[in-house]
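S.K.: Build me a model from this:
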Amino acid sequence: MAASVRFQIHPSSGVPIYRQIIDQVHALVAGGKLRPGDLLPSVRTVARAADVNPMTVSKAYSQLESAGVVERVRGQGMRVLAPADRPAPKRRRAEFRDLLAAALHRGRQLGLDDDQIQAEVDDLLAAHDAATAEQTANR
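M.R.: The predicted structure follows:
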């Protein structure tokens, strides 16, 4: 079964695009949005949708395969494997906290104050909630 996955690529984030794809797949698996047996979108589909080089997507998929997150299935693409030990909720929160710490650090480097950073977080949460509600309504 194919999962409906759309990667959010941010070229100016400072995080390499292949790493953004890897991180998002890990997060989707950990959060249960990608389940064992789900197929990732094809390299060409992701490359076209995100306007990135197909080799970038292929690199991400190869690293995910090496890490045992997905397996290549001839004629079908990359299938999500059942994780041997899915990260515990505390570990997921710690990983998320590390990401937030890096974003906070970058915000400070850009000269943003606490109120500006909080406003951006609030805006992102509202936009995410709206997009999720729209996706749910379109199913």
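
S.K.: Quick check: chain neighbours aside, which residue is closest to Val46?
M.R.: Among residues not flanking Val46 along the chain, Val57 sits closest, at 4.6 Å (CB to CB, 6 or more residues apart in numbering). C-beta coordinates here come from the backbone N, C-alpha and C atoms, glycine included.

S.K.: likewise Ala47?
M.R.: In space, Ala47 is closest to Pro54, 4.1 Å off (CB to CB, 6+ apart).

S.K.: Which of the three states applies to Met78?
M.R.: Three-state call for Met78 (DSSP: H, G, I helix; E, B strand; the rest coil): strand.

S.K.: And Val52, by the same measure?
M.R.: Per three-state DSSP, Val52 ends up coil.

S.K.: Touching, it and Ile9? I think so.
M.R.: Yes - contact criterion CB atoms under 8 Å: Val52 and Ile9 qualify, at 6.4 Å.

S.K.: okay, and the common contacts of the two?
M.R.: Ile17 (CB atoms under 8 Å, 6 or more residues apart in numbering).

S.K.: Find the residue at the geometric middle of the chain.
M.R.: Centrality entry for the chain: nearest residue to the mean C-alpha point is Gln24, 1.5 Å, by CA atoms, centre = their mean.

S.K.: returning to that earlier point: quickly note the distance from the residue nearest to Ala47 to Thr45.
M.R.: Noted for Pro54: a distance of 10 Å to Thr45, by CB to CB, to the nearest Å.

S.K.: can I see the domain layout of this protein?
M.R.: 1-84, 87-139 (automatic domain parsing).

S.K.: Save these as CSV, and put in mean pLDDT too.
M.R.: Output for those, formatted as CSV (pLDDT from 0 to 100):
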stretch, mean pLDDT
domain 1-84, 89
domain 87-139, 83
